[in-house]
Structures are given as C-alpha cells and as structure tokens.
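J.: Mind looking at a prediction? Sequence and model below.
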Amino acid sequence: MIETEFTRALAKRLPELTKPQRLLGAYVLEHPFKVAIMSIDEFAQAAGVSSASANRFARALGYPGYAQFRQNIIKGFEGVLESVNRLKKEQSYPATNQEIISNVLVEGQRNLEKTRLNLRAETCDQAVDMILAARRIFVLGMGTSGYLAGLLERRLLAHNGMVVSLAGPGGTTYAARRLALVDENDLIIVLTFPRYLSDTVRIVQRAHGRGAKVLGLTDKATAPIVPTCDCVLYTSSDSVYGTNSDPIALALIDGLMAALDYRSPFSVEIATEVAETITPWLIHGETSA
C-alpha cells in the first residue's frame, strides 16, 4: 500500500463500511493510481460492484461525489500521474500511426525551439568553464537519465581522463560511495527530469556540501535539483505520449559537447589521436557484397 494521509485514513475506516464499500476501499488501497484516472463506472466494474455503490462509497467517506473523492486519492502525487492523464486524454481522439509519429516529431521541434530560446550566454559559458576546470567529473543520472549519463560520459572522456558515470549496476549505494570523498576540485553533472528521483537529489546535496561544483541538466526552475546546482541548463521536455522527450535532452548534451570541443585548446590534438587509434578497426574504401 502506498502510504499517504488519505490511504491511512481510508484503512482505518474500512471496518465500519458496508461489504460493497469495503470491496471498493480495498481496491483503492491496492491500486490508488489506477483509481485516480478511472471513471466511476470503471472503478465500480474493477471492484465488482455497482456504480451506485461507488457513489455511496464516496459519500460515506465524506465527499460530495465521486469526482471530489478521486481528486483526493493522490494529493501531492499529481505530477506522477500527469503523463498518464495526458496519454489517456490523447487516446480519446482517433489518430493513425502516421499521425502519432508525425505529432511526436512536431512536438520535438517545439521543444527544441523552446530549449534554444531558453539558453543564456553567461550560463553556457559557465557550464563549459566548469567542465574544463574540473579535476574529476562525475556524471549522475538514474532511471532513464542513466542512459543519457552514459552518452555524456563517452563524450566527456575526450577532455578529461577522470570521468565516471554513476549510473552503474551498483545503483544508489555505488553512487553515494563514489561521491563520499569529492572536494572543490571535482564537478558533478546531474541529469534529472520528471519523474524526479529523491535519491539523485540527496546524493548531490551531500556532494555539494563537501564543496564539489554541480552542473544540472533539467527541465524547469522548480525542479528539486536546482537549489543545489551552481549552474543549470534547461531543456523543454514536454511530451503528450510519455513522461519526457529524451531526444531533446540528448540534443542539449550534443550542443554542450560541441561548445566544449570548440573551446578546449586540446580538441584538435585529441581528435587526431582518437582517429589514429580507431583507424585499424574501421572499414576503408569501397566494399562489395
């Protein structure tokens, strides 16, 4: 059971309810997020009772009706279900697969333009300078952001031999151990987007408390990581069909790495060495089947 003020109060009330109402209450406690997006008929059917019983259940708990009851189920967790509600609403409109794919591409164009317009010269300069000045760089991204963190680590290795992505098999405890001894010479690059993970915030807060610099990549100024960051780059990640638009974050990473390549005095030398190193493994010239 998800522990909230609502679910605790409901669990206490169950014994005094009628049998159909207890069935409804038990279903809510087991599936609160599902109920939060269900119509009254869907809720009643899932619990195996009538719609009238579902209405009486809401009133027995002190709500004027089912709509008010549903609004209180996940108070404080609205952001978690935001993408689910958007998707459910979108599914109510007829659309072909071609239209859906096209809509996502148009959505991506809008997000890219918003991200571009939100860039500030001084912030971009600060982000690049922080990377170039760092003794060691730790990249922290968990969940889906872990994949982005791996790509960022790969690009950063050309500029700093001490780059570590903390999105490894060791999970949270591995990340916490690696950041336990950081200091003011180290840089943490943290990626966090909805749905934000509390572990990410706590780990970076501890590292920042030890003096490490923090560069954040996130979606808005109200993101929980922002107060801990010395510098933040924002990416618009609105998505009708999912929680985030990950390609936009990747595009921002690509842009940041291009700026780093341009500003680093060793970029050409490093690129030449990399080209020489990988040449034996490449296919050269024309090939035939």
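T.: Sure thing, it's come through.

J.: The strand or helix carrying Glu99 packs against which elements?
T.: Using DSSP states H and E, Glu99 sits in helix 97-118. In this structure, helix 97-118 makes packing contacts with helix 246-263, judged by 3 or more Cβ pairs under 8 Å, 6 or more residues apart in numbering; DSSP states H and E. Where you see a C-beta, it was placed from the backbone N, CA and C, and this is true even at glycine.

J.: coming back round to it: buried set for the helix or strand just after the helix holding Glu99?
T.: With elements assigned by DSSP H and E, the helix or strand that comes after helix 97-118 is helix 121-133. Within helix 121-133, the residues that count as buried by 16 or more other Cβ atoms under 10 Å are Gln126, Ala127, Val128, Met130, Ile131.

J.: Nearest to Leu117 among those?
T.: Distance to Leu117, by Cβ to Cβ, is smallest for Ala127 among those, at 17.0 Å.

J.: Just list the residues touching that closest one, thanks.
T.: Leu215, Cys231, Leu233, Leu256 (Cβ atoms under 8 Å, 6 or more residues apart in numbering).

J.: confidence score at the residue lying closest to Ala58 once chain neighbours are set aside?
T.: Excluding the flanking residues, the one nearest Ala58 by Cβ to Cβ, 6 or more residues apart in numbering is Phe69, at 3.8 Å. Among the per-residue scores, Phe69 holds a pLDDT of 89.

J.: try Leu282
T.: Per-residue confidence (pLDDT) for Leu282: 80.

J.: returning to what we had before: quick check: helices, which of the contacts of Ala127 are part of them?
T.: Leu256 (DSSP state H).

J.: ranges for the helices of this structure?
T.: 5-13, 19-30, 32-36, 40-47, 51-60, 66-73, 78-91, 97-118, 121-133, 145-156, 171-178, 198-209, 246-263, 267-278.

J.: The third one: which residues count as buried?
T.: Meaning helix 32-36. Pro32, Lys34, Val35, Ala36.

J.: could you say what helices and strands that helix packs with?
T.: Helix 32-36 packs on helix 40-47, helix 66-73, helix 78-91, going by 3+ Cβ pairs under 8 Å, 6+ apart.

J.: Just give me how far it sits from the chain centre.
T.: 21 Å (Cα atoms, centre = their mean, to the nearest Å).

J.: Dump it to PDB, restricted to CA.
T.: C-alpha atoms of helix 32-36 as PDB (Å, rounded to 0.1, in the frame of the first residue of the first chain):
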ATOM      1  CA  PRO A  32      -4.700   4.100  -5.900                       C
ATOM      2  CA  PHE A  33      -3.100   5.400  -9.100                       C
ATOM      3  CA  LYS A  34      -5.400   3.300 -11.200                       C
ATOM      4  CA  VAL A  35      -8.500   4.600  -9.400                       C
ATOM      5  CA  ALA A  36      -7.200   8.200  -9.800                       C
END
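
J.: Give the residue spans of the stretch 151-289 of the chain that score low on pLDDT.
T.: 242-243, 284-289 (pLDDT under 70).

J.: quick one, what contacts the residue positioned nearest the centre of the chain?
T.: For the chain, Phe193 is the residue whose C-alpha lies nearest the centre (Cα atoms, centre = their mean; 2.9 Å). Contacts were defined as Cβ under 8 Å, 6+ apart; by that measure Phe193 touches Thr144, Ser145, Thr218, Asp219, Ala223, Thr235, Ser237, Thr243, Asn244, Ala249.

J.: Take those residues and keep only those in strands.
T.: Counting by DSSP state E, the part of the contacts of Phe193 found in strands is Thr218.

J.: Now Phe266: closest residue in space, sequence neighbours ignored.
T.: Leaving out its chain neighbours, the residue that sits closest to Phe266 by Cβ to Cβ, 6+ apart is His159, at 7.5 Å.

J.: What's the local residue count around the one you found?
T.: When neighbours are defined as other Cβ atoms under 10 Å, His159 has 19 of them.

J.: Return the distance of it relative to Ile270.
T.: The spacing between His159 and Ile270, counted by Cβ to Cβ, to the nearest Å, is 7 Å.

J.: what do the two both touch?
T.: Common neighbours of His159 and Ile270, using Cβ under 8 Å, 6+ apart, are Ser264.

J.: okay but Ala223 is in contact with Tyr196, surely?
T.: Yes - between Ala223 and Tyr196 a contact is recorded at 6.5 Å, counting by Cβ atoms under 8 Å.

J.: show me what contacts Leu157?
T.: So Leu157 contacts Val163 (Cβ under 8 Å, 6+ apart).
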